[in-house]
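Peer 1: Got a predicted structure plus its sequence, pasted below:
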Amino acid sequence: MPGRPIWQCAGKREPEKEAEAQRWIESVIGERFPSDLPYELALRDGIILCKLMNRLQPGIIPKVNISGGDYKFMDNISQFQKACIKYGVPDVDLFQTTDLWDQKNIVLVTQTIFAIGRTAYKHPEWRGPFLGPKPAEENKRAFSEDVLRAGESVIGLQAGTNKLASQSGQNFGASRKIILGK
């Protein structure tokens, strides 16, 4: 749509999720986002994201660039992504640098922040606030050989009943017509 800023053209953004992510980041780093910038532009230089990771795990990003132009700020985003992987965020949950820098997909940026919030639950040393629901933990079960063998003889009834089941009367497709003499 011509004339509109690119960050307003991104589809499926959820302002309530972005606000929740922003509140969480602000509570973790102890600072408010700049009031004169929208969410995506406040995050764009990577400084806030680097501060977030350094609060969750002190020293995970040794040098945050606070000046130096576009290249340095893009380096902040790259360092943030590497720190996320070190912290335990699955790489499939990470946004690409261009998603934030060019504001191509702010939804993915927010999803990454929520993934960091979920990963924080796995760090017992983190005593601060969490974001999103706690991930499920493994619940292994040990079955005896008798129970496993008994399970093999059960017929699954997802499609209904198996009483009086047979294939008689089933007709798949059209029957074949044979024409002689032509």
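Peer 2: That came through, no problem. Residues are numbered from 1 along each chain as shown.

Peer 1: So what touches stretch 129-136?
Peer 2: 20-21, 24, 27-28, 113-114, 116-118, 120-122 (CB atoms under 8 Å, 6 or more residues apart in numbering). In short, each C-beta sits where N, CA and C put it, glycine included.

Peer 1: change it to 7 Å
Peer 2: 21, 24, 27-28, 114, 117-118, 120-121 (CB atoms under 7 Å, 6 or more residues apart in numbering).

Peer 1: how about that stretch: buried residues?
Peer 2: Residues of stretch 129-136 classed as buried: 131-132 (neighbour count, 16 or more other CB atoms under 10 Å).

Peer 1: Please work out the average pLDDT along that stretch.
Peer 2: Mean pLDDT, stretch 129-136: 86.

Peer 1: Stretch 12-27 now?
Peer 2: When pLDDT is averaged over stretch 12-27, the result is 95.

Peer 1: got TSV for the contacts of stretch 129-136, with secondary structure too?
Peer 2: Listed next are the contacts of stretch 129-136 as TSV, based on DSSP: H, G, I helix; E, B strand; the rest coil:
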residue	secondary structure
21	helix
24	helix
27	helix
28	helix
114	helix
117	helix
118	helix
120	helix
121	coil
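
Peer 1: Give me the buried subset of the residues you listed.
Peer 2: Buried members of the contacts of stretch 129-136, scored by 16+ other CB under 10 Å, are 21, 24, 28, 114, 117-118, 120.

Peer 1: now those as JSON lines including distance to residue 97?
Peer 2: Shown next, in JSON lines, are the buried ones among the contacts of stretch 129-136 (distance: CB to CB, whole Å):
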{"residue": "21", "distance to residue 97": "18"}
{"residue": "24", "distance to residue 97": "22"}
{"residue": "28", "distance to residue 97": "22"}
{"residue": "114", "distance to residue 97": "19"}
{"residue": "117", "distance to residue 97": "21"}
{"residue": "118", "distance to residue 97": "22"}
{"residue": "120", "distance to residue 97": "23"}
